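A.B. asks: sequence? don't have it. structure:
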């Protein structure tokens, strides 16, 4: 093994969903900085284009391609375009996520249930299904952004936690089925990370500070704190690692 190349993504085709902000944006910029030809995907073309433009301005290779992770027609169109444009896919990062309902599990509105299932589980499942077809014969890596809530359910985050638990199990299922084809599938389980999706927690500064104090390292994570795990699982450095769920939470689950 060439140890100088194990984190090199030069000319690799990398698709990151949910890449217009937060962890997804940090990830797609990190891949581009390490040589990848990245596809910036989220539901809004304009926000994707802003991220792609910033990458190109920094000397990287990036294309914006909008797709809603919860809509099957969008997923099909996205992967048809990737097949026609690149003819392959080396890395998929399923980073799109949502949590529209915060409250007692027994009072979850059906609309919130359906949206959370579609975006957090159904979308990544079928994006992974499409990705393995493009990776067949050449191999590749899929990295799913789950959550520590998928291991231990978060308070008042019942349906969100359930979808993340499903994503972790999905990760293991795909890893078992496609490992012999050279396709590795792993998950990242972030703890509290300051993104738009967690902004609701910060609306009550006192409660938020109390939450942060329960984290052993003493601070909430930033999107960049999750990037190292994503690159690790996507890189050749992890060619013997599959079916794993890496917790990055500042010690919260210890």
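C.D. replies: Good, I have the coordinates. This structure is a prediction, so every number in the text was calculated from the model and none was measured.
A.B. asks: for residue 198, which three-state class applies?
C.D. replies: Under DSSP: H, G, I helix; E, B strand; the rest coil, the three-state class of residue 198 is helix.
A.B. asks: pretty sure it is touching residue 191, no?
C.D. replies: No. Using C-beta atoms under 8 Å, residue 198 is not in contact with residue 191, being 10.2 Å away. Glycine gets a C-beta too; all of them are placed from N, C-alpha and C.
A.B. asks: who's more crowded, those two?
C.D. replies: Per other C-beta atoms under 10 Å, whichever of residue 198 and residue 191 has more neighbours is residue 191, with 20 against 16.
A.B. asks: what sits against that one?
C.D. replies: 148, 215, 221, 247, 248, 249, 250, 252, 253 (C-beta atoms under 8 Å, 6 or more residues apart in numbering).
A.B. asks: apart from its chain neighbours, what residue comes closest to the third one?
C.D. replies: What sits nearest to residue 221 in space, not counting adjacent residues and going by C-beta to C-beta, 6 or more residues apart in numbering, is residue 193, at 4.2 Å.
A.B. asks: close enough to count as contact, the one you found and residue 226?
C.D. replies: Yes. In terms of C-beta under 8 Å, residue 193 counts as a neighbour of residue 226; the distance is 6.4 Å.
A.B. asks: tell me which of the two has more neighbours.
C.D. replies: Per other C-beta under 10 Å, whichever of residue 193 and residue 226 has more neighbours is residue 226, with 27 against 22.
A.B. asks: who's in contact with the more buried one?
C.D. replies: Shown in contact with residue 226 (C-beta under 8 Å, 6+ apart): 23, 26, 27, 145, 188, 190, 193, 248.
A.B. asks: now go through these and say which are in helices.
C.D. replies: Within the contacts of residue 226, residues falling in helices by DSSP state H are 23, 26, 27.
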